[in-house]
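Asker: let's see this in three dimensions:
(one chain, ligands or ions: 1)
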Amino acid sequence: MPTGQLSSQAEVDCARKSLWWKDCLAHTATSFHLDAVRGYPLIGNLLDIPHSYEWLTWAKLGEVWGDLFSLSVFGNTIVVVNSYTRAVKMLNEKNHIYSERPYVPMASVTCEFGETMGLLPNDRRFKAYRKMFHDGLGTNAGIKTFFPQEEDLAKSFIGKLMEGSEDLHDHCFHHSGAIILRIAYGYDVKDSSDPIIAISTLAMDHFSKATVQGGFLVNTIPFLLKVPEWFPGTGWKAVGKMWAKNLRAMEDVPFAFTKDQIAQGRGNDSFVGRWLGESLSPREEKELKHAAGAMFGGGSETTAITIYTFILMMCIHQDIQKDIQKEIDSVIGSDRLPTCEDERDLPYLEAVLKEVERFHTTVPCSLPHCTSEDDVHDGMFIPKGSIIIPNAWKMAHDPAVYKDPMTFDPTRFLEGRKEQDPSEYIFGFGRRICPGRLLADASIFITTAMIIFAFEISPIPGEPPLYENLPGLISRVRPYKCKITPRRDISKLRALIEG
Ligand code: HEM
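Answerer: The predicted structure is shown next:
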């Protein structure tokens, strides 16, 4: 049935009653909304739930059911939002209702990681973490204070690239991990086999697995938490305990490093170091540890993927690469390296970065939100506890917003065209909007500006690179090969990097 509206209060009341009945019948009813995808008794739309590339399925279903539709699985409502305008109206303008996170017992309880920012309910602690983030990284003035660290790390990145680019993929991930650990804790990573990068990467791998709704039955049936560990089939509890240790270590080890540095009287100009200088109460210190602990998970993979995708796009689109080189050469010349302050003078590079972020939507279904109370939106009754999925991929590839959305074309963001800036949605919405977005922008800009300044990126003869996005909550691109060679005098480049 196509999209419909609940036009009167009577219809809304009727829908509420239906919901009550649905609960009474122990979740045996299927979805009943007028704009709900039809399902089966008991399981609802279980068979409609995609296991990979969810954003494509949601976009396809949207062609039939409209850009706001719902599904029901075992009585739980899932609402998919396929348009930017709708997402703003719901998640931004009604953020007091739409700012919870879905409950994932495996991650929050079994892995004891419920206090991390991404999983916290919209409560006092959440506000405290967000405030710490905002004061440290949420303003242009705050981010500027980290520019010297960003520039240093981007120099090391290109310095390493001069030695070879065979492990480009890992190099990008190592670099973005290094940025987070330096900014968050003042910790300098080792060139390879860094213990804190290793702990954090492992912990994030566990975290991703524990938060997949269908990954563990307990995420669908929380009652299983009460089943004792000796009961057959509860091996996941032991797994969760093991993962909890790693997740704790990801927060404890670098935090202890910063505290130790301060105790030894060494300066530590990091996010944590600065806050520790504020003589915090034990409760605030604990909150600081959790806030900082969320940075690696939120920022490391996403930033690395964006830089890695940028290099791929430069390899595929040689003409665009040439145009950025021209811009960089005319603004910066050849006697100095780019700095973070150059961003405002490089509008073409800025447009290319927007296009990279639009074209490859790194967090394609954003992170799910959850409602804290019943709502009626555009005639749809949305019960408390509904999971809300903003389909950022669809927003980024909507032909009504972007001309030829499947084409990589940075000119769409230049004067004269000015299509919608993807940063309005790729970082999420409302109270949950990504608190690291300014840091992400700074890291991506300075790293890519240095790359273009220093290198020529080209395909390997006979192996044309292809773009392919991979499934996942955070979508990577399929690893590729390319040639990265210095485009300037090597000794001069070395002198600039070391200077
Ligand atoms: C290109 C880079 C990045 C992208 C595309 C990105 C995207 C996102 C998205 C879509 C969300 C979910 C927002 C929502 O629920 O509405 C999010 C949340 C989050 N991000 Fe980022 N992010 C990036 C970089 C970073 C960085 C550098 C940091 C930390 C320094 C960070 C930390 C976080 C945290 C802690 C959350 C959870 C916020 C909450 O639950 O309230 N992110 N990010």
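
Asker: which bits of the stretch 101-250 of the chain sit near the ligand?
Answerer: Contact residues (Cβ under 6 Å from any ligand atom) of the stretch 101-250 of the chain with the ligand: 117, 118, 180. For glycine as for every other residue, the C-beta is placed from the backbone atoms N, C-alpha and C.

Asker: most neighbours of all the residues you listed, which one?
Answerer: residue 180 (26 neighbours; other Cβ atoms under 10 Å).

Asker: wait, it sits on residue 297?
Answerer: No. The pair residue 180 and residue 297 fails to qualify as a contact (Cβ atoms under 8 Å) at a distance of 9.2 Å.

Asker: rewinding a little: now tabulate the residues of the stretch 101-250 of the chain next to the ligand in JSON lines and tack on secondary structure and pLDDT.
Answerer: Formatted as JSON lines, these follow (DSSP: H, G, I helix; E, B strand; the rest coil; pLDDT from 0 to 100):
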{"residue": "117", "secondary structure": "coil", "pLDDT": "95"}
{"residue": "118", "secondary structure": "coil", "pLDDT": "95"}
{"residue": "180", "secondary structure": "helix", "pLDDT": "97"}
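
Asker: where's residue 492 relative to the ligand, distance?
Answerer: 32 Å (Cβ to the nearest ligand atom, to the nearest Å).

Asker: what does residue 330 give?
Answerer: Counting by Cβ to the nearest ligand atom, the gap from residue 330 to the ligand is 27 Å.

Asker: so where does that residue fall, helix or strand?
Answerer: helix 318-332 (DSSP states H and E).

Asker: now residue 447
Answerer: Assigned by DSSP H and E, residue 447 falls within helix 437-454.

Asker: what are the buried residues along the next helix or strand after that helix?
Answerer: Remark: after helix 437-454, the chain's next helix or strand is strand 455-458, criterion DSSP H and E. By 16 or more other Cβ atoms under 10 Å, the buried positions in strand 455-458 come out as 455, 456, 457.

Asker: give me the buried positions along the next helix or strand after strand 455-458.
Answerer: Downstream of strand 455-458, the first helix or strand assigned by DSSP H and E is strand 483-486. Across strand 483-486, burial judged by 16+ other Cβ under 10 Å covers residue 484.

Asker: so what secondary structure elements neighbour strand 483-486?
Answerer: Applying 3 or more Cβ pairs under 8 Å, 6 or more residues apart in numbering; DSSP states H and E, one finds that strand 483-486 makes contact with strand 455-458.

Asker: quick one: pLDDT of residue 151?
Answerer: pLDDT recorded at residue 151 is 98.

Asker: then residue 475?
Answerer: Residue 475 carries a pLDDT value of 94.

Asker: pull the contacting residues for it.
Answerer: Neighbour list for residue 475: 305, 360, 361, 362, 363, 364, 469 [criterion: Cβ atoms under 8 Å, 6 or more residues apart in numbering].

Asker: show me those residues that map onto helices.
Answerer: The helices, defined by DSSP state H, take in residue 305 from the contacts of residue 475.

Asker: so which of the contacts of residue 475 also contact the ligand?
Answerer: 362, 363.

Asker: what packs against the longest helix seen in the chain?
Answerer: Ranked by residue count under DSSP H, the longest helix found in the chain is helix 235-263. For helix 235-263, the elements it packs on are helix 168-185, helix 195-211, helix 271-276, helix 282-295, judged by 3+ Cβ pairs under 8 Å, 6+ apart.

Asker: so the last one versus helix 437-454, what angle?
Answerer: Pointing back at helix 282-295 there. 40 degrees (axes from the mean of the first three to the mean of the last three Cα atoms, to 10 degrees).

Asker: so which bits of helix 282-295 are buried?
Answerer: Buried, per 16+ other Cβ under 10 Å, within helix 282-295: 285, 286, 287, 288, 289, 290, 291, 292, 293, 294, 295.

Asker: got the end-to-end distance for stretch 59-74?
Answerer: Taking Cα to Cα, to the nearest Å, the first and last residues of stretch 59-74 lie 23 Å apart.

Asker: now do it: everything it contacts.
Answerer: Under Cβ under 8 Å, 6+ apart, the answer for stretch 59-74 is 2-3, 27, 29-31, 33, 35-37, 39, 42-46, 48-49, 77-83, 86, 220, 377-378, 380, 382, 386, 391, 393-394, 397.

Asker: understood, closing this out.
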